[in-house]
Structures are given as structure tokens and as C-alpha cells.
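Novice: Task: produce atomic coordinates for the following.
(chains A, B and C)
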Amino acid sequence: MSTANNDLRNTNGQSKYKVIGTRPVRHDGVDKVTGRARYGADIHPSGLLYGVVLRSPHAHARIRAIDVSKAAALPGVRAIVTNKDLQDPGNRVVELGEGAVNLRHLNHNVLAADKVYYRGHAVAAVAADSIHIAEQAAALIGVDYEVLPCVTDVQAAMDPKAPLLHADLVTDELGKMGSRPSNIAKHFRFEKGDVATGFAKSKVVVEREFKTATVHQGYIEPQNATVMWNADDHITVWCSTQGSFTVRQQVAELVGVPISNVKVVPMEIGGGFGGKIRVYLEPIAAVLSRKSGAPVKVVMSRADVFEATGPTPGSYMKLKLGVDASGMITAGEASIAFESGGFPGSPVGAAAMCVFACYEVPNGKIDGYDVVVNRPQMSAYRAPGATQAAFALETVVDEICEQLKIDPVEFRLKNSAKEGTRRVDGPVFPKIGMYESVLAARDSDHYRTPLTGKFRGRGVASGFWFNIGLKSCCTATVNADGKVSLVEGSTDIGGSRTSIAMQLAETLGISAEDVVPAVVDTDSVGYTDVTGGSRVTFATGWAAYEAARDIQRQMVLRAAQVWERKPEELKYVDGGVSGPNGLRMNFQQLAAEVQKHGEPVVGRGAVDPEGCGGAFATHVVDVEVDPDTGKVEILRYTATQDVGTAIHPSYVEGQIQGGVVQGIGWALNEEYFYDNQGVMRNSTFLDYRMPTALDLPMIDPVIVEVPNPGHPYGVRGVGEVPIVPPPAAIANAIYHAVGVRMQELPMSPPRLLKQILAKKN
Amino acid sequence: MAKKRVVSTTINGKAVELLCEPRQTLLEVLRDNLDLTGTKEGCSNGNCGACTVLMNGRPVVSCLVLAMEAEGATLETIEGVAKGGDLDPIQQAFLENAALQCGICTPGFIMSTKALLAENPNPTEQEARFYLAGNLCRCTGYDKIIRAVLDSAQRRLSTQAAAQGGNHSS
Amino acid sequence: MRDFDYSAPTSVAEAVRLLNQNPGAGRPMSGGTDLIDQIRLGRHQPDLVVDIKRIPELNILELSSRGLRLGSAVPCCRIYGDPGISADYAALVDSARIIGGIQIQSRASVGGNLCNSGPAADSIPSLIALGARAVIAGPSGMREVPVEEFCTGPGKNILQRGEVLVELRFPPRAPHSGSHYRRFIPRNEMDIAVVSVGAVVELEANGDKIRSARIALGAVGPTPLYAREASQILVGKTPGPEAFDLAAKAAQAITTPIDDMRGTKEFRRHVAGVLVHRALEECVQRARKLA
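Specialist: The predicted structure follows:
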């Protein structure tokens, strides 16, 4: 793998790029606007059966017995499965690409073994000739539950007297395993310097407590899986997923076949945001198919998506920040407890790594707690953990700025993390763009326009998310007409196949339209890690770059043969090969030549890059609050972000706008509402309130480019950090509008009004 | 089980006869019986708009229409929006404004936009947002979608103006 | 989905017959936007769905000097297209425009919204405020019921087996009067009302004093409520914050809100008062504009 090629970047910032930075129409666009694109639930193999999952009505219960006899007797029922039909993978932890997963827990989450840990936990499944028969049959399955007391609140779950979910779960207490069972799976700590000394040097210290609610990624497409288990134990899975290779691994482990027996065909995917990496339905559909001998399709209902996939944790946090008289941070302390759901493994670690990451914090102490509760197993949601952490820190920063009478933007510039800053959890930042993103916010038209009017306020907040590298592969074949077929394995949730094609095109000196990208199944391309962690444009783009370089080398060799020259005399430049005495063939001519004589030209890229940069963003929001009802209107929103290099600016803008709006929903109205039986009452889009088009203004993204020196085209991941600042920015804006500091998410009208009225009295 | 019945309807200009059960929704029948999978299922209770089709010219959520009710009705789905090989200006505008990311909500939005522009050929941003409040998108934050809708309106108006201009004698 | 049979009668008599024949097992369907979901969830378990949309009398939309006749199957989208109705029955149009989104309004009818009898139904406070009466056909013949007596509890109403709502009849708008429906929701559309108010205010000819008023509240009790005292307290008063405050407090006094996932008791009670103010203000403005 070659190192970053600096020749492609111009030092004075002018783009030398021909393709990168332009806005071609995406290659899969026509299919998507005509309804031809096939998403996971759109497939109908012949002989298809329909599967329905039976789920626990109880938040916490022991399963005494499951009686399937009545269901099995219903005409049209072809197979019924429970956890017994899965393979026990053992108590092993594997990396799934956006976090590690315990395979036994995964097995028990997919189909409950002896206990159910949340309402909606899958208990059994039926495959039948029609969806209606399958539903009827599922209702006929008798499950004998011993209902147990439940605990759904993270603080309550940490209490030693709380109902215990797992008799064998002890706390990993700062590296030492505890002796008594607990709902606290892990307590870890990061430290830097000495916080006591640091706070002693502060002029102002603010300490606050925060609570945030469980929220869901809210992808419009429910989970789906269609699986055919062939008689030779080769399994084909069609599904919508963020990671076909991780699905392959999870399915293989859970049903007990070698991974190469599983072929995952990724269909188009209707949104993921981190929630479509773990499997829920694929192993179930697989064992239903094995038992029935037919392909089986299982699709979740929207209620099941809310109750039984992987929302992202609610939290209880304490945050303390100390700042000296000159406005420099002297110490920061955080305690972050995350719900992990029915099994351990929340993203609290990432939250702890991000909480102070935007700033130079000389003394820091961060305690993190991973706590099981009777809610669905928590999952990643776009920068998992960072939004909660930023809500705590950035609102405390705002309070301190007010007390010290420092402009919030100036504070961030003063304290900004830079190249060489060491995070509290240890890593040292390479070249990053935090400072630049704050400058861009300060210099934005929005920030320079004064806000006038009653009950209006402006808030600022920053955020950070790391981006990951991980493995990607590409194969690129030169066709006789001079176009290139590019095959890759990163499922395309937001236009990435085009961004990847653009990097290949740029390297070869051809147009984006002359690349034909395809996202293919796990048998057709090399191992590729998930579409997540803001890694696809970075890593799979790099793989495409490598494949293009490979093609360049082969083209040079072919031209050398044709001209009877030595390859060292020739150069690949400007979309073709040039040699001495004006020798020149452009790409099309070379392609024709390749077709005429000699072996085909196929480029290969297989990468596992280091050098990914972190992403920083600074947001500015203006709100108006109705003081009589607590309703918040977003008047104007500007999001600046260091994106490294914007390969396709429209899709970079789109990632920013989409993340911001998810953050707005998280800030204002989204939450899981549980009753005291541990039942989620609002598992519909009616009462799980995501923003509609009428709730928002246009969202202004300001793209800042501080190219990542660790990537051939300077790419940084962009997709996740936009969701990090909004709740804090909006909380700060609300304060400046009506003088109330909110410490709980969502800042819904009843909560905000309560604080407004309390302040009045 | 209630007997299946024949429903005679028109879909994208074509006469269609279907055999279906009373309990099947129009969404189910489009996707499973007719393989018209462009219309998507997001929530099954009318709250996301991904299943929007036009029924007698009006936008409806097909998850809350019984297939039986389509008897004698004129239906338009996303598959019928492009005429021949040509994309509709709405589809073109969505593509050029990058108004889709995952694309799952796009058919629903295009159908609603079609209905909006038939009723209000030159909507303001607020009118467009109000009309489209029943179509959820989770990827885009709506910004580029609204721009595409307003752009669609302009494209249609200039196509019409050009057509009329060509018919005037000077 | 549960198995059921389907019928689309073309006369009132036939609809009544179908609904009467199976004990409790037939349900009328208008727009279906509530019923189909409820069947899917198992909340209603009909054996027969009687689609009433093909019955001509139930599709009447007629404005005359005698008032407004609104057939129970008329979808919301037909209501707000009409300028006469928008002027004289503004509250009804306010409601029709915000029940669900556009797609719901293509199908859902006000009659169906009333028969669904949700405590937070968007049309019912307007119907009550506008003095609408429900015209019902059944095995024993026709009867009329003022809308404020129609709902008896969450999802429950006075319809007996075999009965179907045929139309809603509204009296003509009094001169110098204006109506408005306003609700509080956390987003800007697509939510169920957390609190709502429908109101009509009639001014004296010179516009200085309130001649009569009808205020109705939604989502603050087991059914939508007619706020009789709040309405009567306004008679003879000068329109303005003082009078509205009296009405708001009287209205708040009859509310029995609950804590649920949409709001708390305190929030609903407080906002009910705020909405009464705002609705009355708008009614008075409209009354003056139309005069």
C-alpha cells in the first residue's frame, strides 16, 4: 500500500482536482428516483415463505416453557424456531467494526434463551405461506413466563437493591472483576494530570448533572432479511445492512457454519446510522429456511424496530469544569453512566474519549459506567456516545463563559485542541481542524448577524468524533470502451459509491461518469469492514485509489510493450501514458489496446489504513421560545465542519444537514417513553417525534477543508460528527432566549415550560 | 378466511385485475402481488409517507387503504412517473439537487411533490414544507429535498412556458 | 392482519342492515385511517368492514342559507377547498387542514374522526363550538344528537349496534361571528393534540361586546368537552385579555388532564388556558374581518 501522495495536493489550497470537488449525479440515482432500486424487503425469490417473530410482552421474565403445538398445527405453517435452533457460539468477544460484541449475548439477543430482558425481546419465530398465516401462528405459540421485577432507569439500575438482570454479571471495576452480581457491567477510568490541583487553580468551577433519554436512529426502512439455506449448507442472505461481511460472520457464528458458507448479498439500504450492523433477523430467517427448505423473508414492524433493535443509550452524567481567570481550562471531571440495554456493551467508552476532546485539558478524570437495564440492547447511533457527552460539556462551557464574560467562540479558540494535544484518555492528535471549524463559525454570516427579538437566543457548541480506518477492498476492470467497472463491498447508504468512483476517476484522469461502480456480495469482493465510523470515503476510497494506481502501472507496462520501450521511460500522467518524443496514448486508446492484445487489465486495492483524522464541528443556532408553552422554534442553523477534503460536496453537505436534524430531534422531542411495567408507550412515528419538513429551516453547512495528511486525497470522515453539537447548541440558545438552563434531554415543551414557570415564580 | 375477490383498477395507466383478500392493504398488494416494490413500507400506520401513492389524483398512504377500495380507482405509483424513457422534471430535480441519500423516502416524496405541484404549481418554501410534513426523511434534514421541490416547480413552469411560447404567433 | 370480510353498500339502508346483522362484528369504515391501524393492532376485531364511501347521502357537502350539511364520508380535503365553508366554518377548516398530513386528509373524514371518538380528536372541539348536530341512521330510524353529547369515553360514543353516522348539520354562521380551532403539539404537524381548543365568538353588531360564545376543549378529559361556563362567562363582556382570562380560568377548571407520553397534567392545564386566550383572540379578529 502506498503512502499518501502529496503531489496531488496544491500547497496554496487551489484545487488541482478535476473530479474531486465536483457534483456529478450519483450513479445509482436514476434507479432510486424511479423506484427500481431494490431494497432488502423488495426481493421475492420463488417459493418464498414469510416469517414473523414472536416477542416478549414483558420487560423482564424467565421463560419456563414454550409450546408450539397449536401453531405447528395451523395449515400453511412450514417451520417454527426458538433459541434451541441456533448454535451456541461460546462466550467470545469479536470486533464488529463499530464496537466489540459478545457472541453469546448476541445469540441470546437474537432469540431469547432462558430469560427475556426487555419487552420485545424475540422468543420464537414462524415461517408460513403468507404473512397473515405467520402472524396468526405466532399468536398461537404459548410461552409460559415467570414475570420478574424490571428496572429501566440507569440510576435505579446502579442501586445495589435493584432487580438484577444477569446472575453471572459482575462489575469489571477498574480492571478487577467484582464478586457480587451487579447491573454495572463495567466501571473504567481515564486520567491525565491531577484534577485536584487543576481545580485549585480555577477561578470558576461549574458542576452539573445531566440526564438524557434513549433515542432511536429512526431509519425509515425497518430491518429485513431474506435467507435461503441450501441443502449443501450454503446460505444466501439478502438484507439491508451496513456491513455484509459482519453479517456473514455473525450469521455463521450463530447458526454454526463456516463463514465461507454464507454469502451476503447487500440490497440497497434505507438508512442505518449505526443501527444496522448487528443482526436481528438474519439468523432467524436462516434457521427457518433450514427447517422449511424454502427461502424465508422476515421484516420488522415499526413497533418492533423501536422495541427490539438497538437504540442508543440514555444516560446520567455529572460534569465539572474549572477555568482560570484568563479563560483557560485547568481541569475537567466527568462521570458518565450509560444504559446498555439487556446485555452489556454500550458506547460509554467512546463517550468518555470524546467528552473533553475538543479542548486542551491539562488535568482530567473521566469515569464511565456500562449499566444493564430492561431496555433493548443499545447500539451505535452516529458518533455513539459523543452527543450525550457534548450536551454535558458544552452547556457547562457556556455557563462558564457567561460567568467569566468571555465570548463562547473566543473561549473555544483559546482552548481549542490542536495538533499535539493529548486527550485525557491518552491519544495525541495529529493535524486536526477544531480551531478552523471554530473560526469558520465565528466568520460565518450567521454569527456576524445580530439576533433581535423577544424570547430569541443564540447558542454555540462544538463536537468531536474519531473516524476509523479498517479494511476495504476494491477491484477495478478496464473495459474496451475506456470505462472502468469498479466493484466494492461498502454498502451505500448515502451516495458513497459515487464518492469512491470519483477517487478512482481522479487517479486515472477519467470522468466520474466513466466509472461504473457496483456494491457486490461477500463472494465477489475482498473483505470490507462496515459502512460506519465515517470510514467509507476514507478507506474504501483509498482502496479505489490503490486499484487505480495498480491500473496505472499495468497501463504503463502495456504501453511499453506497444511502443517497445522500457517502462521506466514512460509515465502515467493526465489520464494516459506519455513517453519520450511525444509518445502518448490516452486512457481510451490504452483500453482499446488492452482489448486487442494481452491479458486484461484489472486493478486491485486492499487496504487497512492508519492515518484517519478526527472530525471537529462547531455549530451556531438561533431559536425562538414560546414562553407560554415551552415550544422551541429553530430560526437559523449553521454547521461548520472540518471535512478534510470534500470529495462530493453535495453529499458532504447532506451528511452535515442530516446529522444536524437528527441532533435537533434528539434535543427537542425524541425519547423512549416507558411506563412502570417497562413497556415503551411511544413505539410509533406518531409519538416518537422525529422532525418533519415543517419543523425546520434550511440548514447551512460550512465546509472547512483541512486536508488529512494521512490520506491520498486528504479525506476525513464526515458523517458522524454533525450529530454531536446540536443538543448542546440548542440548550445554550434556549438559555440565551429565556434564561433557563436545561439539563435534561429532550428539552420538550412540558419540561421547558416547567423550568420557565419555575424561574418566573 | 374471507374469500379472495377480484379488484379491477388502473395502475399507471394500465388496467389491472388483482385477486386479493379483504385484509390486504393496497401497499401489500402493490409490493407482494404486483411486484411494484417502488412504494415502500416504513411504519404501516400512516405516519411516515414512504408508501404514498396517488389515488384518483390525491396523495394517500397506501398502508391505510384496503386493496378492495382500489376498485374502479385510478392509481399512480413511482413506477409510472417517468414517461417512456424520460425522467419527470421532479425526478431530474431530485437527482441534480442531491435530494436523496439512502433513497428510501424518495418515491413517497416524489409522489407527494407531484400532487403538490398539480394543486399549487408555484409553492413557497413554507407551503412546500407544510404539504410535505407527512413525508419523513431521516437522512437529508429536508434541506435539499425542499430545494429540489422548488426547483421542480420552476422546471415545470419553464417547460410549460416554453411550450406555450412555441404556440404563440408573434 | 386479522381476517375480515368487506362490503361497500350503496345505500344507507343496506349499511344499516349489514351493521345490524352480526352482533357487534361489523364496523363502518370511512377514510380508514384510524380503523385499519386499529384492526392491525387488534384494538378492533371486526368480522365485516362496511365501507360507507359509496353511499351518496354520506358524501353530501352542501352550504346554504340553512347552514352546512357535511356527509360523514366526505374527506377533509374536500372541505378546505371551498371558500364559502372557509369563511363561515373557519374552525372546521382549521381542523380539517391539520388532521394528520396531506395523505391522511385525502381519506380521513370529519365524520370518521367523530366516530373514532378520541379525546384528542382534532375535529370535535370545532364541531362542538360550531353547534353541530350528528344525524344518525339505525334499525329504529333516524335520530339527531348534539355533538357535545356524542362521545361518552375514550373511543366510545352513543352509536348503537346497526347505527351509522350519516351527516353533520351545522347552523348558519351568525353575523359578526368568527370561529377558530387551535391545538398545541410539540412538532408543527403530524402529532396528536396535546391540548386543543375550538371556539366561536359572536359579537354585537357594533363589535364592542361579546353576544355569545361557545368554547370546546380537546385532550384534557376522557372526551372532548363543551366548556359551558367558560362560554357563558363571556356574554356581555368586552373582548380582550381580561374577559379571555375569565374564560380561560373557567375552562381550566373543568379539565381533568392526565400525565402521558404527550404531556403532563400541569402542562395541559396551563396550555389549555393559553390556547383559550389565543383562540378567542383569533375568533374576535375573524368576526371583525367578516363583518
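Novice: Might you report the residue contacts of the closest residue to chain C within chain B?
Specialist: Among the residues of chain B, residue B:134 lies closest to chain C, at 2.2 Å counting by Cβ to the nearest Cβ. (Glycine included, C-beta is placed from N, CA and C.) Under the criterion of Cβ atoms under 8 Å, 6 or more residues apart in numbering or on different chains, the contact list for residue B:134 reads A:692, B:49, B:52, B:61, B:112, C:100-104, C:189-190.
Novice: just checking, which of those belong to helices?
Specialist: Restricting those to those inside helices, with DSSP state H as the criterion, leaves B:112, C:102-104.
Novice: follow-up on the earlier one: now the residue of chain B closest to chain C: closest residue in space, sequence neighbours ignored.
Specialist: Using Cβ to Cβ, 6 or more residues apart in numbering or on different chains and skipping the chain neighbours, the partner closest in space to residue B:134 is residue C:101 (2.2 Å).
Novice: show me the contacts for that neighbour.
Specialist: Neighbour list for residue C:101: B:49, B:133-135, C:189-190 [criterion: Cβ under 8 Å, 6+ apart].
Novice: what about 6 Å?
Specialist: Contact partners of residue C:101, counting by Cβ atoms under 6 Å, 6 or more residues apart in numbering or on different chains, are B:133-134, C:190.
Novice: Residue A:201 now?
Specialist: Under the criterion of Cβ under 6 Å, 6+ apart, the contact list for residue A:201 reads A:324, A:330.
Novice: swap the cut-off to 10 Å and go again
Specialist: If you count contacts by Cβ atoms under 10 Å, 6 or more residues apart in numbering or on different chains, residue A:201 has them with A:322-325, A:328, A:330-331, A:362-363.
Novice: do the same with residue A:373
Specialist: Residue A:373 is in contact with A:59-60, A:117-118, A:150-158, A:162-163, A:165, A:183, A:214, A:313-314, A:338-342, A:346, A:674, A:678, counting by Cβ under 10 Å, 6+ apart.
Novice: what ranges do the strands span in the stretch 501-650 of chain A?
Specialist: When secondary structure is read from DSSP state E, counting those that start in this stretch, the stretch 501-650 of chain A shows strands at A:515-519, A:571-573, A:576-578, A:584-586, A:602-607, A:615-626, A:631-642.
Novice: just the stretch 101-250 of chain C next, same as before
Specialist: Under DSSP E, counting those that start in this stretch, the stretch 101-250 of chain C gives strands at C:133-138, C:141-146, C:151-153, C:156-157, C:164-170, C:177-184, C:195-203, C:210-218, C:225-226.
Novice: among these, which is nearest chain B?
Specialist: strand C:177-184 (14.4 Å).
Novice: That closest one to strand C:195-203, inter-axis angle?
Specialist: Strand C:177-184 runs at 170 degrees relative to strand C:195-203, counting by axes from the mean of the first three to the mean of the last three Cα atoms, to 10 degrees.
Novice: Strand C:177-184: partners in the sheet, and parallel or antiparallel?
Specialist: Applying DSSP bridges to the sheet, strand C:177-184 is found paired with strand C:195-203 (antiparallel).
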